[in-house]
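J.: Structure here, sequence nowhere to be found:
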């Protein structure tokens, strides 16, 4: 799984025709807006990035990353590169590990869609959560590095760093369930009974705890860059789904990997975690609770059902876009097959939660 995923999603490729843009226009923009920029540039597309196309911009002296909205008709509120730029810039100022941001361009006449330019970070990306590419003795520390990083994000004072308007504080689950229900229905290509049940049940089972923090929305190993030698996160990537939300929703999204089979996003279900040197879910939860001061986690099954439903909705959106020819990667077509299994897994946790 790790080698296949790494081959499919890591590294760069020649930009597909539908995702090419005017490179001279980009070079001119960067010369005006990016301090220290010196051309000429070469442009390659990163293989990964199902949603917002991401490009490596190389110059003789340094490398940059460009992240843009995809061309074509887009779902409402999706592909918000402007929000990614805003949250990364604010977090970078307080030392949270994100790439440095250089410029945001909302003028679609430059390359056809809005985009931003950020620093290119050198490090390790793990595509498989069982961490086959890391020594057994290093795996627990790598897991804990991600837990600690997410806990630190949830402790950031979002108002103090200028993100008080980044989302609506409170009532997060209700708003997100409504949003992803609508986005799923807008992208629906076949009837999936478990998704319909979840859309009906989830709003009735929302926990009373209404905490608010910055949430990443898609926190997992392959959205982080790890230091080449140390078990330390040097950059958190892909902030498209970030907002103000419930920290436990964000954390349990990371924990979903414990319930996925190895063929789904490098999941851990059915593996001998002790033999692999990977901490148990309970150990990660205890570490997170201690670092954030929250203590024991409640409403785990509801949160897992919600997150799996949300992920199924996202996958359906990418799949629908791929059918229209607008997905960032050809892998988007494969996501369609994951929607029904995700929905079934989500409904299983809903039943455990009393559905």
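T.: Great, that's in hand. Because the structure is a prediction, the values reported are computed rather than measured.
J.: Sketch out the helices for the stretch 101-250 of the chain, chain order is fine.
T.: In chain order, the stretch 101-250 of the chain shows helices spanning 136-155, 172-187, 193-201, 247-255, with DSSP state H, counting those that start in this stretch as the criterion.
J.: Could you dump these into JSON lines and include mean pLDDT?
T.: Converted to JSON lines, the helices of the stretch 101-250 of the chain look like this (pLDDT from 0 to 100):
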{"stretch": "helix 136-155", "mean pLDDT": "98"}
{"stretch": "helix 172-187", "mean pLDDT": "95"}
{"stretch": "helix 193-201", "mean pLDDT": "97"}
{"stretch": "helix 247-255", "mean pLDDT": "95"}
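J.: Go through those helices and pick out the most buried.
T.: Each of these was scored by mean neighbour count; the highest is helix 247-255, a mean of 24, by mean count of other Cβ atoms under 10 Å. (Glycine included, C-beta is placed from N, CA and C.)
J.: How about residues contacting that one?
T.: Here helix 247-255 makes contact (Cβ atoms under 8 Å, 6 or more residues apart in numbering) with 146-147, 150-151, 153-154, 172-173, 176, 209, 211-213, 215-220, 281, 284-285, 288, 292, 294, 297, 299-300, 303-304, 306-307, 310-311.
J.: looking at the helices of the stretch 101-250 of the chain, which is closest to residue 318?
T.: Nearest to residue 318 among the helices of the stretch 101-250 of the chain is helix 172-187 (8.5 Å), distances taken as Cβ to Cβ.
J.: what does the closest one rub up against?
T.: Contacts made with helix 172-187 from outside it, assessed by Cβ under 8 Å, 6+ apart, are listed as 75-78, 168, 195, 199, 202-203, 206-207, 210, 212, 215, 244-246, 249, 306, 309-310, 312-314, 316-317, 319-321.
J.: coming back round to it: nearest to residue 343, of the helices of the stretch 101-250 of the chain?
T.: The stretch from those with the least distance to residue 343 (Cβ to Cβ) is helix 193-201; that distance is 3.7 Å.
J.: So which elements touch the closest one?
T.: Packed against helix 193-201, as judged by 3 or more Cβ pairs under 8 Å, 6 or more residues apart in numbering; DSSP states H and E, are the following elements: helix 172-187, helix 300-323, helix 339-352.
J.: which outside residues touch it?
T.: When contacts are taken as Cβ under 8 Å, 6+ apart, the neighbours of helix 193-201 outside the stretch itself are 177, 181, 184, 305, 309, 312-313, 339-340, 343-344, 346-347, 350, 355.
J.: how about 7 Å then?
T.: When contacts are defined by Cβ atoms under 7 Å, 6 or more residues apart in numbering, helix 193-201 is touched by residues 181, 184, 305, 309, 312, 343-344, 346-347, 350, 355.
J.: relative orientation of it and helix 339-352 in degrees?
T.: 50 degrees (axes from the mean of the first three to the mean of the last three Cα atoms, to 10 degrees).
J.: Using neighbour counts, trim the contacts of helix 247-255 to the buried set.
T.: 146-147, 150-151, 153-154, 172-173, 176, 211-213, 215-220, 281, 284-285, 288, 292, 294, 297, 299-300, 303-304, 306-307, 310-311 (16 or more other Cβ atoms under 10 Å).
J.: Make sure residue 146 is actually in contact with residue 224.
T.: Yes: with contact defined as Cβ atoms under 7 Å, residue 146 counts as touching residue 224 (6.3 Å).
J.: what's the overlap in contacts for those two?
T.: With contacts defined as Cβ under 7 Å, 6+ apart, the residues adjacent to both residue 146 and residue 224 are residue 233.
J.: thinking again about what came up before, take the helices and strands packed on helix 193-201 and lay them out in CSV including distance to residue 118.
T.: Formatted as CSV, those follow (distance: least, Cβ to Cβ, whole Å):
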stretch, distance to residue 118
helix 172-187, 26
helix 300-323, 22
helix 339-352, 30
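J.: No further questions, thank you.
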